[in-house]
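Enquirer: What shape does this take:
(chains A and B)
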There are 2 protein chains.
Amino acid sequence: MLYRGRMKSRIEAVYRVRSDARSIAARAHAIAVEQSVEMPLDPIDDAYVLNEVVGRVDDIADRGGGMYDVRIGLAPVTTGFEAGQLLNMLFGNTSLQTDVTLIDAEFPEDLAKVFGGPNHGLQGLRARLKAKGALSSTALKPQGLPPAALAKLAGAIALGGIDVIKDDHGIADQQYSPFAERVPAVAEAVAKAAAQSGTPTLYMPSLNGNLDAIRRQIAVCRASGVAAMLVTPMLVGVAQFHTVVKENPDFIFMAHPSMAGVPIAPSFLLGKLFRLFGADATIFPNHGGRFGYTPEECRRLADFARREWPGIKPCVPVPAGGMSLDLVPGILEFYGTDVMLMVGGSLLSAGEKITEETARYAAAVRRAG
Amino acid sequence: MLYRGRMKSRIEAVYRVRSDARSIAARAHAIAVEQSVEMPLDPIDDAYVLNEVVGRVDDIADRGGGMYDVRIGLAPVTTGFEAGQLLNMLFGNTSLQTDVTLIDAEFPEDLAKVFGGPNHGLQGLRARLKAKGALSSTALKPQGLPPAALAKLAGAIALGGIDVIKDDHGIADQQYSPFAERVPAVAEAVAKAAAQSGTPTLYMPSLNGNLDAIRRQIAVCRASGVAAMLVTPMLVGVAQFHTVVKENPDFIFMAHPSMAGVPIAPSFLLGKLFRLFGADATIFPNHGGRFGYTPEECRRLADFARREWPGIKPCVPVPAGGMSLDLVPGILEFYGTDVMLMVGGSLLSAGEKITEETARYAAAVRRAG
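Expert: Reported below is the predicted structural model:
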């Protein structure tokens, strides 16, 4: 007989469902079934499956306005303790239904430890950057430039004393700027500028492709003295993301939200789940920008990323998207100083004065932090 | 100087945007920028980037009711000719915005050939199954059962002469039914039953985990005489999906829509894009079931999957989700016979009579086809 294990407690997933009072109990039951055995229960005569595997409706709360929060207990053993399958069990088929959003999940402590969270987190990132308060970052753009042009630009930015320069998430392994040529060139320019500025600026290249390609890219990073990178978990697959986090405990990983437009609350997906899978920092569209997240959702996301979680290090929230320098004080007031700011396009608009503009930005963040 | 290539034609992506007449031109331009260089154009002084890389608004069509179809030309070179990056360029950041859906894209013929589409497609699958018309399939459930119980169930179903038995997408590599024990057991039971029934039933195990795990699972399949499988591209990552399709040209791949609840029209994502990446068959929630797809969207999906596409084999549409035997004639009338039906839970409810019920189902499909 195989081990058909049980954990003391369940994953508690919370779904926000649009329904009427008459239908919500049946709808909640249907979600519990959809996210576990996905078949009528009548023909199931196996006690283990019925008691331990089938999802369990633990609570239904009326949120008003025809919305209900349905809390469903999912069996940890169904996840196979693997990131992709965890996401599958949380929301795979239900993601296709239009009346429901996944807004949160709580994980048993032993399950969370299996995934493990960030290698470094907020404190580790600060230590690497020799920084104390809020952190500053920007994105290297535009794609289409050859390595030498991007390296020159990155050097000019790094000279301004910024903490982090990440590749734009659209920069991948294109013919006009192959990863293996771009990363050493940019890394060298950033290192040279950092030695001059005194700020140990981290360059984070964007990983992309399948797991083989990602591993080759990490080898390029190691050879170039780069130990921090950007990953898009919803594009490369959360399993690939979690794998490279585990394989490279000395590396810092920043998560990017590209393709995260699924009906999952951004606070949960980008704040809690990406943290669980190992994001040291997580980029998200700030409220008031061009992406329509509410202030409440952003606050909740930052809280999920940073709050006390036994055995899981805090992850740095990185509000981004249409930010400019004059917004810095307000952002720091909103998020506090356990944060990294991301100013992109508006910095690049400074042209010849990009080093000075970066210095002004980095100083503003440091002063406030 | 590096090669900064150009293809004669662009990827023509079509976005459906909620807007007013006054704002739509600016909004269309913003999407073209977001999905290419993602920065203001003013600071860009590189002619290649401006002419070849920046997205181009090619058309704006008023669809009425405050909806517009915006056609944007994206440069193929930005995709790096890699599946994940193609998705990133089509819709990465824009997936986070709530006023826009990706409804279609047309690909230059040379780009489509790089991806290549299905290894076998409709005709190959029919040849393997020695079938002529419509095909029948079901899902092996529930997860939680040990390998021997699933094998027994699969054998009883196969004895009824069904064409395809796939793992439920929730069946992964869990302790209660490890892939390496389950697949040989189920494969043997299905092969034995197939020899008896005369129908060469295909068993399709569900691939999951990272690329290493998927490759190990494919080795298990090969050792068990299994050459067909189920993959969830949005969970394992489209790059992983496309990689295993290319690495295993003798295998048949069926795509599952789990986690496909992004703001991309299902017809495009499940019908056209999964086909481009190599799905021989694509499962989708049929209209009238529990997932809310419209008949029009299902018809369009089936059309995208099967229509003439130079160099790309047709993919079999597989309507599923809450189907029962009495719906078979209506489904065949709707989709025609270039289709595979998927009846799941309602078949499993037959209990002891599952072989007879499967035979009735398979015969009904064969008769109609």
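Enquirer: give me every residue that touches the closest residue to chain B within the stretch 101-250 of chain A.
Expert: Nearest to chain B, among the residues of the stretch 101-250 of chain A, is residue A:237, at 2.8 Å (Cβ to the nearest Cβ). In short, each C-beta sits where N, CA and C put it, glycine included. Taking Cβ atoms under 8 Å, 6 or more residues apart in numbering or on different chains as the criterion, residue A:237 is in contact with A:84, B:210, B:235-237, B:239-240.
Enquirer: Show the pLDDT at residue A:285.
Expert: pLDDT, residue A:285: 95.
Enquirer: before we move on, back to that, check the residue of the stretch 101-250 of chain A closest to chain B and give its pLDDT.
Expert: Note on residue A:237: pLDDT of 98.
Enquirer: Chain neighbours aside, what residue packs nearest to it?
Expert: Nearest residue to residue A:237, sequence neighbours excluded (Cβ to Cβ, 6 or more residues apart in numbering or on different chains): residue B:237, at 2.8 Å.
Enquirer: quick one, phi/psi of the one you found?
Expert: The phi and psi values for residue B:237, taken as degrees, to the nearest 10, are phi 100, psi 130.
Enquirer: same deal with residue A:56?
Expert: phi -130, psi 130.
Enquirer: Run a quick neighbour tally on it.
Expert: As a burial measure, residue A:56 scores 16 neighbours (other Cβ atoms under 10 Å in any protein chain shown).
Enquirer: so who does residue A:101 touch?
Expert: Neighbour list for residue A:101: A:15-16, A:263-265 [criterion: Cβ under 8 Å, 6+ apart].
Enquirer: Tell me if the helix or strand bottoming out on mean pLDDT in chain A is near chain B.
Expert: Within chain A, judged by mean pLDDT, DSSP states H and E, the helix or strand with the poorest mean is helix A:345-348; its value is a mean of 85. Yes: using Cβ under 8 Å from any Cβ of the partner chain, helix A:345-348 comes into contact with chain B via A:345-346, A:348.
Enquirer: Remind me what that helix packs against, helices and strands.
Expert: Contact partners of helix A:345-348 among helices and strands, from 3 or more Cβ pairs under 8 Å, 6 or more residues apart in numbering or on different chains; DSSP states H and E: helix A:354-368.
Enquirer: Identify the residues contacting the helix it packs on?
Expert: Residues from elsewhere that reach helix A:354-368 (Cβ under 8 Å, 6+ apart): A:131, A:133-136, A:138, A:153, A:156-157, A:159-163, A:199, A:325, A:328-329, A:332, A:337, A:341, A:343, A:347-348, A:350.
Enquirer: how does chain A divide into domains?
Expert: Annotated domains of chain A cover A:11-112, A:121-368 [automatic domain parsing].
Enquirer: among the ones you listed, which is nearest residue B:94?
Expert: domain A:121-368 (7.8 Å; Cβ to Cβ).
Enquirer: Ends of the closest one, what's the gap?
Expert: Using Cα to Cα, to the nearest Å, one end of domain A:121-368 lies 21 Å from the other.
Enquirer: Kindly report the same for stretch A:78-85.
Expert: For stretch A:78-85, the first-to-last residue distance is 8 Å (Cα to Cα).
Enquirer: Would it count as contacting chain B?
Expert: Yes: judged by Cβ under 8 Å from any Cβ, stretch A:78-85 and chain B are in contact via A:78-80, A:82, A:84-85.
Enquirer: mind listing what's buried in stretch A:232-239?
Expert: Using 16 or more other Cβ atoms under 10 Å in any protein chain shown as the test for burial, stretch A:232-239 gives A:232-239.
Enquirer: all strands for the stretch 201-350 of chain A, in order.
Expert: A:202-204, A:228-231, A:252-255, A:281-285, A:316-320, A:340-342 (DSSP state E, counting those that start in this stretch).
Enquirer: Sheet partners, orientation included, of the last one?
Expert: Taking DSSP bridges as the criterion, strand A:340-342 forms sheet pairs with strand A:135-140 (parallel).
Enquirer: orientation of the strand it pairs with relative to strand A:316-320 in degrees?
Expert: With axes from the mean of the first three to the mean of the last three Cα atoms, to 10 degrees applied, the angle from strand A:135-140 to strand A:316-320 works out at 50 degrees.
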